[in-house]
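Asker: Pasting the sequence and the predicted coordinates here, then a few questions.
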Amino acid sequence: MMDTETPDLPTFRTNRLVLRPRTMDDLEACLNMNRDPEVTRFIPGPWFDPDDHEAFVRRSIEADYGPGLGYWSVAAHQAPDRFLGWILLTPSESAGGQIEIGWRFVRNAWGRGYATEAAQTVLNYGLGVLSLHRVIACIKPENQASVRVATKIGMRDEGMQRHADGSWRVFAAHAGFS
């Protein structure tokens, strides 16, 4: 399928990473990442039904989340064609449309600070450039690695909250946070 750019999403370059709008060219890499049961251990989804899984990822790539919102694919500067994972900044249906930041990385990218580096960039963009007043991260309490990322990027723990798809530990960042 032809690679289609998302004109509303900028590309970011951090010290080590490139974050670019996610496209259909990333479909197979996303599917492969989600097939790793350790990667999706805390995330409900159709990961092991091949047809539903592919349809789910295709919808998430093609969706219009609104100006400046969506998914970024992440790669290292030294290997820009090697998919490491993604960062999202999208409205959360299960959390009443609040803007959510999230991240998912292939297992061999874990423990290197990539999620923190990429998430900090996208959070700063959301609160600064997009002038969002509040961004949340919904994390299963057992997912200590994601809890650490949320804390490192300055999000505050608001405790457990019930959403349409279950109970989540919610972290929030507000405009003007430090």
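Answerer: It's in.
Asker: remind me which residues of the chain are low pLDDT?
Answerer: Along the chain, the model assigns pLDDT under 70 to residues 1-7, 94-96, 165, 177-178.
Asker: ok, which stretches of it are helices?
Answerer: Assigned by DSSP state H, the helices in the chain fall at 27-34, 50-62, 114-127, 144-152.
Asker: Show me the one of these that comes nearest Arg104.
Answerer: helix 27-34 (6.6 Å; Cβ to Cβ). Every C-beta, even on glycine, is put in place using the N, C-alpha and C of the backbone.
Asker: Return the set of buried residues in the closest one.
Answerer: In terms of neighbour count (16 or more other Cβ atoms under 10 Å), helix 27-34 has its buried residues at 29-31, 33-34.
Asker: could those residues be laid out in a markdown table, adding distance to Pro46?
Answerer: Output for the buried residues of helix 27-34, formatted as a markdown table (distance: Cβ to Cβ, whole Å):
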| residue | distance to Pro46 |
| --- | --- |
| Ala29 | 17 |
| Cys30 | 13 |
| Leu31 | 11 |
| Met33 | 14 |
| Asn34 | 9 |
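Asker: Go through the residues you listed and name the one nearest Gln120.
Answerer: Met33 (21.1 Å).
Asker: what's that closest one in contact with, if anything?
Answerer: 39, 83, 85, 104-106 (Cβ atoms under 8 Å, 6 or more residues apart in numbering).
Asker: among these, which two are most distant?
Answerer: Maximum pairwise distance in these, criterion Cβ to Cβ, is 12.4 Å, between Val39 and Phe83.
Asker: what's the overlap in contacts for these two?
Answerer: Contact criterion Cβ under 8 Å, 6+ apart; residues shared by Val39 and Phe83: 33, 106.
Asker: Among those two, which residue is more densely surrounded?
Answerer: The neighbour count for Val39 versus Phe83, taken as other Cβ atoms under 10 Å, is higher for Phe83 (21 against 18).
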